[in-house]
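>>> need a 3D model of the following:
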Amino acid sequence: MSQYLVLSHIDIQNANSIAGLTWGFPAITHFLGFTHALNRKLSNFYEGENEIELTGCAVISHTYENKVYQPKQYADFEFLQSKNPPVLAKHKNASPPIIEEGKMNLTVSLVIELDKSLTLATQQLKELEHEVLTLCYRMRLAGGMILNIKQAKFLSASTQQQHVDMLRKIKRLTIPGFVLLDQSDYLENHYKSLLDRHKANKSASDEPQLLDAWLDFAALKYKAVPQLSVDQSEPDENTSANWEYVAKPNSGYLVPLMTGYKAISELYDAGVVLNTRDEITPSRFVEAVHSIGEWKGVHNLNAINNAIWRYEHREQWYVCKQHSNAVIGEATDQHIPETEQPQTLNFHDALNLF
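Next comes the predicted model:
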């Protein structure tokens, strides 16, 4: 039996827009961190048979507005900044410094996965939904303030028809919107193709790195196509050219993502590293891990299980993945239960059904 908590249309103000090397949308770790924090708060209210664990979430974006401006045409976008550091004595008679931050306003929906089905009466379930809303308004999501949540709804299904109906209800609560999907396989396959091409050409240039493959998805690239005259076989410095857009290696609305962390140091005992959050938890230094994601219309989603992000931890890696059976560094196919394979709907049909 599957059960999910749908937080529909969450309005967030001043969320963190910077994620590792990228900006424009919060890192997926923000949303899983919110899920984990909500799970800890709920565990204080429901224990024993009704104790639940929130194991992952799907992210569906509705609107977003980055707080940026463009100084002039074709210039890079810059973040709008405000001077609000701590008030210090040395700042009273001088202009305080600006700590650069990237902020945005956005509206998202979260579909949170439960590890087991709740055994609650209808009235108890409504009380729990109200309690979830109360807890969420006291929390922050991606560093931003939650202004409004349209609805909190628990949905469950056990039979195939119930899974189909549940998916329709989830779509009804979250459309129109775009769900964020993990496409790390695209990055892995493209990197392998670059290596094969390098070996086949026996090029004297450096062997392509994984960063090169990632930049093919992340960077906006154009190439010059020389316009040779009739008597020219090779272009020279005076040859004109047309600039053409270089498409990404795969089709779709593909975006670079920050998906977790990788350790770059040993694990230090509690209290060894100064200025940590507490003195009872071991700590280590990490770097951001980046991958590739895809925004896809939520009406095209075949199974909600395919969109659930979950933590995976192995040795030095701590990343967010959507394939629950996959192991970091190994390629495995995700098993999708037969009961979660409803018919695909296009946007027009979805609206008519709902």
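>>> every contact and neighbour count from this point should use C-alpha atoms.
Noted.
>>> elements contacting the helix or strand Leu173 falls within?
Leu173 is located in helix 160-174, with elements delineated by DSSP states H and E. Judged by 3 or more CA pairs under 8 Å, 6 or more residues apart in numbering; DSSP states H and E, the packing partners of helix 160-174 are strand 2-16, strand 144-157.
>>> deepest of those, which one?
Among those, judged by mean count of other CA atoms under 10 Å, the one packed with the most neighbours on average is strand 2-16 (a mean of 22).
>>> average pLDDT across that one?
In this model, strand 2-16 has a mean pLDDT of 91.
>>> report the distance from that strand to the chain centre.
13 Å (CA atoms, centre = their mean, to the nearest Å).
>>> contacts for the next helix-or-strand element following that strand?
Per DSSP H and E, the first helix or strand lying C-terminal to strand 2-16 is strand 18-19. Among residues not part of strand 18-19, those counted as contacts by CA atoms under 8 Å, 6 or more residues apart in numbering are 24-27, 101-103, 257-258.
>>> residue ranges with poor pLDDT in the stretch 201-350 of the chain?
Confidence mapping of the stretch 201-350 of the chain against pLDDT under 70 gives the ranges 203-204, 323-350.
>>> now do the helices in it.
Listed in chain order, the helices of the stretch 201-350 of the chain (DSSP state H, counting those that start in this stretch) span 210-218, 347-353.
>>> all strands of the stretch 51-200 of the chain, in order?
Remark: strands assigned in the stretch 51-200 of the chain by DSSP state E, counting those that start in this stretch are 54-66, 68-69, 78-79, 103-114, 140-141, 144-157, 178-182.
>>> weakest of these in terms of mean pLDDT?
Per-stretch mean pLDDT for these is lowest at strand 78-79 (a mean of 86).
>>> give me the PyMOL select line for the contacts of strand 18-19, limited to the buried ones.
Written as a PyMOL command, the selection of buried residues from these, which uses 16 or more other CA atoms under 10 Å, is:
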select buried, resi 24+25+26+27+102+103+257+258
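>>> re the thing from before, which one of the helices and strands packed on helix 160-174 lies nearest to Lys248?
Nearest to Lys248, of all those, is strand 2-16, at 26.8 Å by CA to CA.
>>> quick one: that closest one to strand 144-157, angle?
Counting by axes from the mean of the first three to the mean of the last three CA atoms, to 10 degrees, strand 2-16 lies at 170 degrees to strand 144-157.
>>> adjacent strands (with direction) for strand 2-16?
Each strand that strand 2-16 pairs with, and the sense of that pairing, follows from DSSP bridges: strand 103-114 (antiparallel), strand 144-157 (antiparallel).
>>> Tyr137 against Ala152, yeah?
No - proximity of Tyr137 to Ala152 does not meet the contact threshold set by CA atoms under 8 Å, at 11.8 Å.
>>> on that earlier part again, of the contacts of strand 18-19, which pair is most distant in space?
Greatest spatial distance among the contacts of strand 18-19 (CA to CA): Glu101 and Leu257, at 18.4 Å.
>>> list the contacts of the nearest residue to His163 once chain neighbours are set aside.
Taking CA to CA, 6 or more residues apart in numbering as the measure, His163 lies nearest to Ala157, with 5.2 Å between them; neighbours along the chain are not counted. If a contact means CA under 8 Å, 6+ apart, then Ala157 has 1-3, 163, 166 as its contacts.
>>> closest one of the residues you listed to Gln124?
For the contacts of Ala157, the minimum distance to Gln124 (CA to CA) is 15.6 Å, reached by Gln3.
>>> quick check: beta-bridge partners of that closest one?
On DSSP bridges, the residues paired with Gln3 through beta bridges are Ser156.
>>> the closest residue to Phe77 other than its chain neighbours: neighbouring residues, count only.
In space, and not counting its chain neighbours, Phe77 is closest to Gln70: 4.7 Å by CA to CA, 6+ apart. The local packing count at Gln70 equals 12, with neighbours defined by other CA atoms under 10 Å.
>>> adjust the sequence numbering to begin at 12 for everything that follows.
Yep, numbering from 12; the last one is Gln81 now.
>>> now Gln81: how far from Phe90?
Note on Gln81: its distance to Phe90, by CA to CA, to the nearest Å, is 9 Å.
>>> now Glu142
36 Å.
>>> and Gly35, by the same measure?
11 Å.
>>> swap in His20?
Using CA to CA, His20 is found at 25 Å from Phe90.
>>> show the contacting residues for Glu326.
Contacts of Glu326 (CA under 8 Å, 6+ apart): none.
>>> tell me what the residue lying closest to Tyr329 once chain neighbours are set aside is bridged to.
Leaving aside its chain neighbours, Tyr329 sits nearest to Tyr272 (5.2 Å; criterion: CA to CA, 6+ apart). Here Tyr272 shows beta-bridge partners Ala299, Tyr329, assigned using DSSP bridges.
>>> I'd say Tyr272 and Arg295 touch.
No - using CA under 8 Å, Tyr272 is not in contact with Arg295; the gap is 11.0 Å.
>>> show me what contacts the nearest residue to Cys68 once chain neighbours are set aside?
Once flanking residues are discounted, Cys68 sits nearest to Ile123: 4.1 Å by CA to CA, 6+ apart. The neighbourhood of Ile123, defined by CA under 8 Å, 6+ apart, consists of 15-18, 46, 65-69, 319.
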